[in-house]
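> Make a model of this:
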Amino acid sequence: MAVRRPGNDSPRLTARGAATRARIVTTAANLMFRQGVTATTLDQVVDACGVSKSQLYHYFPDKEALITEVIAMRENHLVSSQKPQLDQVRSMRDLERWRDSIVTGHWEREVPYRCPIGSLATELACRYDDARQSLAAVFARWQEMLADGLARMRESGELDPGADPAKLAVAFIAAMQGGYLLAETMQDERPLVVALDMALDHIKAQVKTPVASLTQADN
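Take a look at the predicted model:
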């Protein structure tokens with residue numbers, strides 16, 4: 001299966017057609033998130049979305065084309081949901097607020113303990129190189145957004161000048177993905193919470209201003 005990257009060669013759609021296409025992608029993404037890519041069939045997407053199979057094939061010639069758009073949709077959602085908060089990261093307290101939002105988001109939305117990007121990568125990256133490259137680009141963008149926040153912390157003097165924002169960001173995202181995997185397997189949020197807290201502790205070790213004083217200032 002060759003998962004293609006989204007391109008600009010798609011035919012121009014009417015507003016109604018664009019809405020139908022977007023609904024199909026959203027439905028497929030939700031099914032793939034909850035039950036996996038392999039387990040999700042086009043028939044299931046048709047049934048859940050309430051469109052005909054001919055409609056689906058009008059927009060997506062095969063499952064591979066649909067997967068490509070699911071990855072693109074997940075990237076757009078990641079950026080829209082994570083970037084505003086990560087753009088505000090200038091202190092350890094800001095970073096802690098971002099960490100809290102990750103954990104509480106699962107409680108509020110009652111979604112599985114599963115990363116929408118990581119779950120796709122688990123199934124696709126080892127089998128389909130196009131998908132692997134697309135997902136690697138998504139992870140790179142996520143790490144870059146976090147690294148930018150850590151760089152601002154270093155520039156403000158909160159992080160040690162020798163701290164490497166890029167490496168710290170990679171370590172944090174890697175810990176998060178491991179926490180997601182254990183949380184999903186054990187159906188328990190604690191591995192995710194522990195992984196995030198340990199990643200924060202690693203960053204705190206490079207904070208120049210004691211965390212206790214930061215907390216007092218925040219209050």
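> how near is the nearest residue to residue 66 once chain neighbours are set aside to residue 68?
Among residues not flanking residue 66 along the chain, residue 60 sits closest, at 4.4 Å (Cβ to Cβ, 6 or more residues apart in numbering). No exception for glycine: its C-beta is placed from N, CA and C like everyone else's. Distance check for residue 60 against residue 68: by Cβ to Cβ, to the nearest Å, it reads 9 Å.
> tell me the mean pLDDT for the longest helix belonging to the chain?
For the chain, the helix with the greatest residue count under DSSP state H is helix 129-155. Mean pLDDT, computed over helix 129-155, is 96.
> Ok, stretch 42-54 next?
Taken as a whole, stretch 42-54 has a mean pLDDT of 96.
> one step back: now do the buried residues in the longest helix of the chain.
Within helix 129-155, the residues scored as buried using 16 or more other Cβ atoms under 10 Å are 130-131, 134-135, 138-139, 142-143, 145-154.
> For the nearest residue to residue 162 once chain neighbours are set aside, give me its contacts.
In this structure, residue 162 finds its nearest non-sequential neighbour in residue 206, 7.8 Å apart by Cβ to Cβ, 6+ apart. Shown in contact with residue 206 (Cβ atoms under 8 Å, 6 or more residues apart in numbering): 159-160, 162-163, 168.
> okay, the residues you listed in TSV with neighbour count, distance to residue 88 and pLDDT next?
Formatted as TSV, the contacts of residue 206 follow (neighbours: other Cβ atoms under 10 Å; distance: Cβ to Cβ, whole Å; pLDDT from 0 to 100):
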residue	neighbour count	distance to residue 88	pLDDT
159	24	16	95
160	13	22	95
162	7	24	95
163	18	19	96
168	22	17	98
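> Tell me where the model's unsure across the chain.
Low-confidence segments of the chain (pLDDT under 70): 1-11, 106-110, 209-219.
> Where do the helices of it begin and end?
For the chain, the helices defined by DSSP H cover 15-35, 42-49, 53-59, 63-86, 92-109, 116-124, 129-155, 165-186, 190-204, 211-218.
> So which of those is the most surrounded?
Comparing the helices of the chain by mean neighbour count (mean count of other Cβ atoms under 10 Å), helix 116-124 ranks first with a mean of 20.
> How about residues contacting it?
The contact list for helix 116-124, computed with Cβ under 8 Å, 6+ apart, reads 3, 29, 32-33, 36-38, 67, 70-71, 74-75, 77-78, 131-132, 135, 138-139, 142, 177, 180-181.
> hmm, try it at 7 Å
Residues outside helix 116-124 that contact it (Cβ atoms under 7 Å, 6 or more residues apart in numbering): 3, 33, 36-38, 71, 74, 78, 131-132, 135, 138-139, 177, 180.
> likewise stretch 136-155?
Here stretch 136-155 has contacts from 74-75, 78-79, 82-83, 86, 89-91, 95, 117, 159, 161, 163, 165-166, 168-170, 172-173, using Cβ under 7 Å, 6+ apart.
> From the chain's centroid, how far away is that stretch?
13 Å (Cα atoms, centre = their mean, to the nearest Å).
> Over to stretch 154-165?
Centroid separation for stretch 154-165 versus its chain: 25 Å, with Cα atoms, centre = their mean.
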